[in-house]
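1. Curious how this folds, go ahead:
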Amino acid sequence: MSRLLFVTGTGTEVGKTAVTAAIAALAVRAGRSVAVLKPGQTGVAPGEPGDAQEVGRLAGAGVTLRELARYPEPLAPDTAARRSGLPALTLDQVVSGVNALTPHHDLTLVEGAGGLLVRYNEDGLTLADMAQALDAEVLTVVTAGLGSLNTTSLNAEALRARGLRSAGIVIGSWPGDPDLAMRCNLADLPKDAGAPLLGALPAGATAQAAGFADRAAAALAPALGGHWDAAAFAEEFTAEFTAEFAAR
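-> Modelled structure (predicted):
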């Protein structure tokens with residue numbers, strides 16, 4: 001059965017494209033046909049590579065890449081469309097775009113712009129509306145550090161209010177030397193999300209395409225095609241300060 005998965009985030013620059021590419025790369029390596037759709041690309045001039053092309057660079061040439069609308073200024077799609085004078089995206093365009101891909105691919109990934117409730121047109125179209133119309137699961141990319149618990153909770157509340165299914169959460173960039181808040185968040189983020197933590201991509205994972213699938217496999221849980229273990233990962237990064245606290 002073909003799977004449709006929307007990828008959103010708790011904000012901009014949280015690692016949505018990296019996570020989308022990681023899921024795509026593992027699916028390709030497993031022999032599955034993959035499509036990636038970017039409904040609204042902002043901040044990229046005509047002819048420049050956008051997020052979909054970045055996924056293609058990392059996941060491989062076999063991925064079908066689609067982009068429905070592009071606006072040059074790095075703004076919310078609604079604002080970017082209005083300022084550019086270009087047509088804003090419609091829900092019908094998105095539904096048609098997705099429905100053209102899903103019958104021909106084992107996995108279709110739809111990467112949003114910004115977060116779940118960012119507007120795509122003057123009528124208030126959001127990624128949440130798109131996912132609702134297509135009855136799609138939603139994977140949320142979150143940040144690791146201080147402040148992430150609140151944004152993760154708000155995102156989860158918005159998903160529940162709309163009856164959307166959460167596939168889980170992934171930390172989009174995990175540093176080499178995580179601070180105390182980041183380490184504690186490994187246990188707290190799934191609670192606030194009401195969904196499992198399905199991975200933590202290491203910072204800098206997308207620097208080179210070579211070996212990206214291997215890095216993705218080590219950073220994503222089996223539910224997303226990898227072999228990452230949430231419990232073992234949390235134990236690795238919390239054991240030190242747990243022992244220190246117990247000794248006080």
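2. Please give the number of neighbouring residues around Ala21.
-> Close neighbours of Ala21, defined as other Cβ atoms under 10 Å, add up to 31. All C-beta atoms are positioned from the backbone trio N, CA, C, and that covers glycine.
3. Over to the one 10 residues further on?
-> Residue neighbour count, defined by other Cβ under 10 Å, stands at 8 for Gly31.
4. Kindly report the same for Thr108.
-> Neighbour count of Thr108, defined by other Cβ under 10 Å: 27.
5. can you tell me the helix or strand for it?
-> Secondary-structure assignment from DSSP states H and E places Thr108 in strand 107-111.
6. Give me the residues contacting that strand.
-> The contact list for strand 107-111 (Cβ atoms under 8 Å, 6 or more residues apart in numbering) reads 2-7, 16-17, 20, 23-24, 27, 32-39, 51-52, 55, 94, 98, 101-102, 127, 130-131, 136.
7. In strands only, show me these.
-> Taking DSSP state E, the ones among the contacts of strand 107-111 that sit in strands are 3-7, 34-39.
8. Narrow these to just the buried residues.
-> Restricting these to buried positions leaves 4-7, 34-39, with burial counted as 16 or more other Cβ atoms under 10 Å.
9. Widest-spaced pair of those?
-> Val34 and Pro39 (17.0 Å; Cβ to Cβ).
10. Let me see the ranges of the strands in this structure.
-> Listed in chain order, the strands of the chain (DSSP E) span 3-9, 34-42, 64-71, 107-111, 137-142, 165-174, 197-202.
11. could the buried ones among the ones in strands among the contacts of strand 107-111 go into CSV alongside pLDDT?
-> Formatted as CSV, those follow (pLDDT from 0 to 100):
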residue, pLDDT
Leu4, 97
Leu5, 98
Phe6, 98
Val7, 98
Val34, 98
Ala35, 98
Val36, 98
Leu37, 98
Lys38, 98
Pro39, 97
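12. Out of those, which comes closest to Thr151?
-> Val7 (15.9 Å).
13. surely that closest one meets Val141?
-> Yes - using Cβ atoms under 8 Å, Val7 is in contact with Val141, at 6.6 Å.
14. intersection of neighbour lists for the two?
-> With Cβ under 8 Å, 6+ apart, Val7 and Val141 have common neighbours 16, 19.
15. quick one, phi psi at Gly112?
-> phi -80, psi 170 (degrees, to the nearest 10).
16. how about the nearest residue to it, chain neighbours excluded?
-> Using Cβ to Cβ, 6 or more residues apart in numbering and skipping residues adjacent in sequence, the residue nearest Gly112 is Leu127, 3.9 Å away.
17. State the pLDDT value of Gly56.
-> pLDDT, Gly56: 96.
18. quick one: it from Glu13, how far?
-> Distance, Gly56 to Glu13, by Cβ to Cβ, to the nearest Å: 20 Å.
19. Those two: who's more crowded?
-> Set Gly56 next to Glu13 and count neighbours by other Cβ under 10 Å: Gly56 wins out with 19 against 11.
20. Test my guess that that one contacts Val63.
-> Yes - judged on Cβ under 8 Å, Gly56 makes contact with Val63 at a distance of 5.4 Å.
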